[in-house]
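> Test case, fold it:
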Amino acid sequence: MIFFKRYKAKTDADLVAMASKGDQGAFNEIINRHHTAVYKFALYLVKDPLGAEDITQEVFFKLHQKGENFKPDSALKTFLLTITRNLCADFFRKNRLVMADESPEEVYDKTPFKQLHIAELRKQIGEIYSSLPEKQQVALYLHHEQGMSYKEAADAMGITTSSLNSLLSRGRKEFKDKFSNSCMEGIPEL
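Numbers count the residues shown, from 1 in each chain. Just a heads-up that it's a prediction; the model follows:
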């Protein structure tokens, strides 16, 4: 147990430095800390669990190979998600896949009427979200779903924070407008 505590106290930058010198325990700690975020981002982009797992493995393989390219002044999570984004783009170029409209969803409420209502609402939200420009979708996902700061999300997307702020503002406004309009459909005017 003491062995593992040694790595838990280290910063990401320390772990990368240790791993680049061949410390497998440090590399394992990096994987433990960041595997879930990398996998979820890859799954979000490619909508394929097996493809996302392959991409996740490739991200950590690339880190193992080129860990010396990591600059300690930036967040490791941002560095890893940037690699993830690039590998997902390669995945689509190689496989020429069309992204699926929706992923499997779980419905927690048990009554049939509520299940149907929740499913329809999720479908509606998914359709509106999918209709947003891709960069707005990615910006919203990184900031709201991954909980990344503006700087981290901007770095992961390879854009400035002001560009990210603009994408988030436009994405939120467009989503709100489309959602409001879709809620008003079918309601007769008075």
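> Report the secondary structure element holding the spatially most central residue of the chain.
For the chain, the residue nearest the mean C-alpha position is Phe41 (2.7 Å; Cα atoms, centre = their mean). Per DSSP states H and E, Phe41 falls inside helix 24-46.
> Go ahead and name everything in contact with the helix or strand that that helix is followed by.
Following helix 24-46 in sequence order, the next helix or strand is helix 49-66 (DSSP H and E). Helix 49-66 has contacts (Cβ atoms under 8 Å, 6 or more residues apart in numbering) with 16, 19, 27, 30-31, 35, 38-39, 42-43, 45-46, 70, 79-80, 83-84, 87-88, 91, 95, 97. Every residue, glycine included, has its C-beta placed from N, CA and C.
> which residues touch the residue nearest to the centre of the chain?
If you count contacts by Cβ under 8 Å, 6+ apart, Phe41 has them with Leu81, Thr84, Arg85, Tyr141, Leu142, Gln146.
> and the strand or helix carrying Leu15, what does it pack onto?
Secondary-structure element containing Leu15, defined by DSSP H and E: helix 12-20. Applying 3 or more Cβ pairs under 8 Å, 6 or more residues apart in numbering; DSSP states H and E, one finds that helix 12-20 contacts helix 24-46, helix 49-66, helix 76-95.
> Report how many residues lie close to Phe91.
Neighbour count of Phe91, defined by other Cβ atoms under 10 Å: 19.
> Is it in contact with Thr84, as I believe?
No. Phe91 is beyond contact range of Thr84, at 10.1 Å (criterion: Cβ atoms under 8 Å).
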